[in-house]
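Trainee: dropping the sequence and predicted coords here.
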Amino acid sequence: MSSILFIPLLPLIGFLINGLSFPKLSNPVAGIIGTIPPLAAFALSLQLFLQFDGNTQIVPLLDWISVGELSIPIAFQIDQLSLLMLLIITGVGTLIHVYSSAYMSHDEGFGKFFAFLNLFVFFMLLLVMGSGFVTLFIGWEGVGLCSYLLIGFWNKKNSYGDAARKAFIMNRIGDLGFLIGIFLLFQEFGTATYQEVFEAIKAGNGSNLGLIAFCLFIGAMGKSAQIPLFTWLPDAMAGPTPVSALIHAATMVTAGIYMVIRANVLFEMSPEVLHFVGWIGLATALLGAAIGLFQNDIKKVLAYSTVSQLGYMFMGLGASAYTASFFHVMTHAFFKALLFLGAGSVIHAMSDEQDIRKMGGLKSQLPITYITFLLGTIAIAGIPPFAGFFSKDEILAHLYHHDIVMWALAIVGSALTSFYMFRVFIVTFHGDFRGTQHQADHLHESPIAMTLPLIVLAVLSVIGGIINLPAFVGGNEFLAHWLNPILPEGSHEALEVHFASLEFLAPLAAAFIPAIFAIQLYGSKKAVPAADAEISGIQKIIYDKFYIDEAYNFLFVKPIQFLSQFFYSFIDFLIIDLLVESTGKFVKSSSNELRKLQSGNIGFYIFMMVAAIAIILAWTLKSWIF
Amino acid sequence: MTPVIALSLFGIINLFLGFTFKRQSLQVVTLLFIICSMALTAMDWNHEYLWFGDMMKTNNLSINFSLIIQLAGLLVVAFSNGFGKDEVYTQPAEYYAILLFSLVGALLMVSFQNLIMLFVGLEILSVAMYVLTGSDKRNLRSNEAALKYFLMGSFATGFLLFGIALVYGSTRSLYISGILYNLSHTAPESLPSFLYAGIILMGIGLLFKISAAPFHFWTPDVYEGAPTIFTMFMSTVVKTAGFAAIYHILDVTFGGFQKNWIITVYFITIITLILGNISAAYQQSAKRMLAFSSISHAGYMLLTVCANQPSTSSNILYYSLAYTLATAVSFAVLMVVAEYQTGRTEKPENFDALNGLAKNNPSLAFAFTVALLSLAGIPLTAGFWGKFFVFTDMFNKNLTYPIIIAVLMSAVGIYYYFKGIISVYFNSGEIEKIETSFLFKIALWSACIGTLVLGIYPTLLKSIF
Amino acid sequence: MEVSNYWYFLSGLTLLSALMVVLSKNPIHSVLYLVFTFFCISGHYVLLNAQFLMAVNIIVYAGAIMVLFLFVIMMFDLKKNIPDSKTNLTKLAGTVVAGSVLVILVAAFRTIQYPTPDESTFNPNNGMVENLGKVLYSEYLLPFELVTVLFFVAMVGSVMLGKREVGDRNF
């Protein structure tokens, strides 16, 4: 029982130790103190996973708020879904911690970084281990906070702070919807624990389920960067690369998908919301892929790729393919983290250069990075037999049966994905070196602490498909069977796909053909993406992210600033200040008068006491006097 | 009963130890004594005893009150720093001995079953406080405070005694159980009228002790004149013991006669809240402000006494604990700052003397802030939950006017509590690093952390209360 | 002689000495008249069969408290002290309050029914010291012992407060 409580406790302790004493600890010690908690948590999670007997366990921690009939406990729930998330978070988290110990070794905030990383792991564990929406929300808010802290970790440039704030505010807007959803849950069911809510829904109670699902999804939109709350994710690349890998690829952004899978009972009862989820996912997938086509910052490409892949996951959820979406979550964690860490390795080798136009020909200098990045690229493009093929194509297969139009557009997105990933890969690693001499002198392969996680993740990206190999290729569909108990009845039908059907060949074509095209364009013809000043036309529109940021600025930010200025100068000044200040002045003047009552004259005091006693006695005994 | 005996013996031993021990060791010895008696108190948990033929009762409620009172005593002794180095004008052995004896009085007041025991306990507590108030012999304000306290206290004790006599005359018994039995077996018409006068007079005598208006006039002068360490004791122990006594008398013994005394307590509560908070708003001296704030807190606690719900006793306990921790910390910080500022400023206990504390003494400033936030009732501190429970009680009784006034007055309270926070953090002043002893730091931090923990997770203690 | 004769005699003496307390010019005379008044009241207590109360009254009130009064008055410089006359308003207020108290008392005494002691349950030993001692040492033993703590505090406190320190001025 208590080992479950240790899983989130260890990172919290790591945060406290590192956070309180970070200037005094040396870097290696801080790194070890920071890395041991996720490693230990991984070991404990693995043990729990192997011992799991199929029954959901609830471990109560404390009864947080008990007022009248409202009772909010904080407890942990161990079931199939949370165990898998635990493994991903702690496993990938440990690898990134190891990576960070080398990547951030020159940074003076080394200990602080590890403290924040541990705090993030703690909140994320709280999020996935919670037994109710309230605990989930505590973790939800906490990871938003840590994201803010870590994005703005290097506070050298204003733009970093702005990016952090943007991330936090957009998350907040989503959180408002989430909170309203939780309040509605309390109003409907009087509780927010998963077991009680889902029992009630299955028993047929509760109205307004669609509204609740929609509000909860708004939270997911913010946290998992869907349209319209996605613009924070590319800007979040201002943070250190391990942060991008951990938070914005593997774990935090998947919190929204976790929430929807967790609440699948609720969403199944509101098909309109599921429909909406699917289309939002599709739109995001396409938009992300389109913008990513022309980006020249290696991290931004990966960021838009993440946005796009998250869209795929939501598309899968919209088609009620919960297992497929979760499968994609797992494989995406592997290869996206790999890609980000690889990008970090490249940036580290290029002395902090991030523009791919200034890279090239790094293949010989960074062999391990090259090979692992290649494996990651192949995986994400959906080329068999790597992991990405199985997960993405399972989603596409479910989409084929759900909505052909969505399927077709998703195929287009998949093609775009393959194209831009290979574009980045080729431009970065092949061709002639386009950097400065200074950078050329310092080109070196990264240390073992950075390459080891790359290798591990690469292996996982390659073989990850076996987690849910579909039956028709002879697999055991482990993931589907594992998750079946917590998913709605009949949500998983075995897919029968013939090898020669459109359903099977179209994704393959969408994976291979753009890849070959990209290799041709950027590899053989050695085309280099144009410099900023030379981009024009449609390409410029896409390169400038469809001007969405500017649109938000115009539609939302400027009016709010104007409104706030108006309120400040007019209403605040004239009305509120007048009211509040006159109340304050009234209190002050009455206080001035009342304090004279305290004259210091003891005779007066006793006189007042006696007078009061006389009045009290007269009132009490009045029936006998009059 | 055992802690009463233990504390009396320890007091006597302390007097004798004054011959042999140094000052600092006396502090540690007294701490050990109080911890020992707390252990003896806690050993009786979940047992119910009646001592000496229904004179005193030990049950979970009285154990909880006793523990809070002894905790307050512990904090006071820990903050006392051995009473300084002055060999001539301070006698720590006597001070600690009288402190321990006053704890005896307080323990009697929370566990009494006979009105005589209430009187004896009240007198022991009061006389000890009169002595300690005047213990700073060179300071004219201390003498004045002691005299005022003594005169007005004796006056109020006279009323208490008169009330006891009238109650005895009408119910033919001094034991609480006897009173309850006799009153329930007599027809209401044949009850003599002086019973009601007796109840009111007893209430008045006790209300004086907790400084409810209009019997509060002694509080600002006495709190300001007494040495700060004893002010801390007075505002925590005396109030807790007083409220325990009021709860036993008004809510337990005469709960059936609520319609007779509720109008009085109702109006007293309202006047206390208004007077306490509004008078505090203008104060320049932080110590006097804290005195008025203690009057206002008495008003809040009276809300739940007025309401007389089943949860009243646990709410009084919780509020007393929250209030004790916060007041102890605020007075402690005030004490060290005033000690540092005497000689440097002409009014060392004003808010101006606190200016700029945060620059060189971050832990003191933080503790002070937490304490003031708890007193103001800001969420995440224990004071918030105290006020919340008290308001809930009154709400359950459907008496809404006092709640409205209490909430408005809480808002006024925020003003004068935040004056302290502002002068500590935002004003500029020159205060160097103040050296405090190890015990002082431990007490400060544990009280601070206790306030925050209770603020985040009130069920921790509420379930025991 | 009948008991009522004693009663009239004592009451007359009490009223006379009480009047002399208020009317005499010399404060020391006032104090002494007050002492005499207390003696008379103690006599009344005897008539009410409360012998212990009589003893305590004389010892505590006449013996301790009035002696304290005398001490303080002796410290005054009688030649310099002229009692400051109160304002007219205070005199008027005093008259009104005292007059209304008189009216209330008279009204109350007119309607009151004096209870007579029940012959069967009357125990003449009730007020005796012996009975009081029995109750005090059996039923009320705990408060009796705890009052020692009170006395202890008072003693220690008074010594601590009144002790003459080095450098204090003499009286």
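Mentor: Perfect, I can see it now.

Trainee: quick one: contacts of stretch A:577-589?
Mentor: Identification of contacts with stretch A:577-589 by C-beta atoms under 8 Å, 6 or more residues apart in numbering or on different chains yields B:278, B:281, B:282, B:412, B:415. In this view, the C-beta of every residue, glycine as well, is placed from N, C-alpha and C.

Trainee: lowest-confidence entry in the residues you listed?
Mentor: Minimum pLDDT for the contacts of stretch A:577-589 is recorded at residue B:282 (83).

Trainee: which residue packs closest to that residue, ignoring adjacent ones?
Mentor: Distances taken as C-beta to C-beta, 6 or more residues apart in numbering or on different chains place residue A:591 nearest to residue B:282, at 4.0 Å, with adjacent residues excluded.

Trainee: report pLDDT for that neighbour.
Mentor: The predicted local confidence for residue A:591 is 86.

Trainee: tell me the contacts of the residue in chain C that chain B sits nearest to?
Mentor: For chain C and chain B, the shortest gap (C-beta to the nearest C-beta) falls at residue C:157, measuring 3.1 Å. For residue C:157, the contacting residues are B:98, B:127, B:128, B:130, B:131, B:132, by C-beta under 8 Å, 6+ apart.

Trainee: okay, and the residue nearest to residue B:282 sits in which element?
Mentor: Using DSSP states H and E, residue A:591 sits in helix A:577-594.

Trainee: now do the buried residues in that helix.
Mentor: A:587, A:590, A:591, A:594 (16 or more other C-beta atoms under 10 Å in any protein chain shown).

Trainee: related to what we said a few turns ago, helix/strand/coil for the residue of chain C closest to chain B?
Mentor: Three-state assignment for residue C:157 (DSSP: H, G, I helix; E, B strand; the rest coil): helix.

Trainee: do the same with the one 4 residues further on
Mentor: Of the three states, residue C:161 takes helix according to three-state DSSP.

Trainee: ok, now which ones touch residue B:13?
Mentor: Residue B:13 neighbours (C-beta under 8 Å, 6+ apart): residue B:33.

Trainee: next secondary structure after the longest helix along chain A?
Mentor: Taking DSSP state H as the criterion, chain A has its longest helix at helix A:158-189. Of the helices and strands lying after helix A:158-189 in sequence (DSSP H and E), the nearest is helix A:194-202.

Trainee: measure the residue of chain C closest to chain B to residue B:13 for me?
Mentor: 18 Å (C-beta to C-beta, to the nearest Å).

Trainee: please enumerate the strands of chain A.
Mentor: Secondary structure of chain A (DSSP state E): strands at A:57-67, A:70-78.

Trainee: an error on my part: the question was meant for chain B.
Mentor: Under DSSP E, chain B gives strands at B:49-51, B:56-58.

Trainee: any idea how far the last one is from the chain center?
Mentor: Translated: strand B:56-58. Here strand B:56-58 is found 21 Å from its chain centre; the criterion is C-alpha atoms, centre = their mean, to the nearest Å.

Trainee: also stretch B:389-404?
Mentor: Distance, stretch centre to chain centre, for stretch B:389-404: 23 Å (C-alpha atoms, centre = their mean).

Trainee: rewinding a little: the contacts of residue C:157 in helices, which ones?
Mentor: Judged by DSSP H, those include B:98, B:127, B:128, B:130, B:131, B:132 as members of helices.

Trainee: nearest residue to the residue most central in space within chain C other than its sequence neighbours?
Mentor: The centre of chain C sits closest to residue C:61, judged by C-alpha atoms, centre = their mean, with a distance of 4.9 Å. Nearest-residue entry for residue C:61: residue C:38, 5.1 Å, with adjacent residues in sequence omitted and distances by C-beta to C-beta, 6+ apart.

Trainee: residue B:258 too?
Mentor: residue B:308 (6.0 Å).

Trainee: the residue in the stretch 151-300 of chain B that chain C sits nearest to - how many residues pack around it?
Mentor: As assessed by C-beta to the nearest C-beta, chain C sits closest to residue B:174 within the stretch 151-300 of chain B, at 9.1 Å. Residues within reach of residue B:174, counting by other C-beta atoms under 10 Å in any protein chain shown, total 21.

Trainee: pretty sure it contacts residue B:118?
Mentor: No. Checked against C-beta atoms under 8 Å, the pair residue B:174 and residue B:118 is beyond contact range at 9.6 Å.

Trainee: now list whatever residues contact both of those two.
Mentor: Residues touching both residue B:174 and residue B:118 (C-beta under 8 Å, 6+ apart): residue B:164.

Trainee: low pLDDT regions in the chain?
Mentor: No chain specified, so I'll use chain A. Chain A contains residues with pLDDT under 70 at A:1-2, A:22, A:66-69, A:155, A:470-477, A:488-501, A:524-537, A:623-626.

Trainee: hmm, no, I was thinking of chain B.
Mentor: B:84-88.

Trainee: so which residues on it come close to chain C?
Mentor: Contact residues (C-beta under 8 Å from any C-beta of the partner chain) of chain B with chain C: B:4, B:8, B:11-12, B:15, B:51-53, B:55-56, B:88-89, B:91, B:94, B:97-98, B:101-102, B:104-105, B:108, B:114, B:116-117, B:120-121, B:123-124, B:127-128, B:130-132, B:134-135, B:137.

Trainee: among these, name the buried ones.
Mentor: B:4, B:8, B:11-12, B:15, B:51-52, B:55-56, B:91, B:94, B:97-98, B:101-102, B:104-105, B:108, B:114, B:116-117, B:120-121, B:123-124, B:127-128, B:130-132, B:134-135, B:137.

Trainee: next step: the residues you listed restricted to helices.
Mentor: Per DSSP H, these map to helices at B:4, B:8, B:11-12, B:15, B:94, B:97-98, B:101-102, B:104-105, B:108, B:116-117, B:120-121, B:123-124, B:127-128, B:130-132.

Trainee: contacting residues for the closest residue to chain C within chain B?
Mentor: The shortest separation between chain B and chain C is 3.1 Å, found at residue B:131 (distances taken as C-beta to the nearest C-beta). Shown in contact with residue B:131 (C-beta under 8 Å, 6+ apart): B:98, B:146, C:153, C:154, C:156, C:157, C:158, C:160, C:161.

Trainee: how many neighbours does the fifth one have?
Mentor: Meaning residue C:156. Counted with other C-beta under 10 Å, residue C:156 comes out at 22.

Trainee: picking up where we left off before, among the contacts of residue B:131, which pair sits farthest apart?
Mentor: Distance extremes for the contacts of residue B:131: the farthest pair is B:146 and C:156 at 14.8 Å, using C-beta to C-beta.

Trainee: rewinding a little: contacts only, for the residue nearest to residue B:282.
Mentor: For residue A:591, the contacting residues are B:278, B:279, B:280, B:281, B:282, by C-beta under 8 Å, 6+ apart.

Trainee: for it, give its distance to residue B:401.
Mentor: As judged by C-beta to C-beta, residue A:591 and residue B:401 stand 21 Å apart.

Trainee: next: residue A:565.
Mentor: In terms of C-beta to C-beta, residue A:565 sits 41 Å off from residue B:401.
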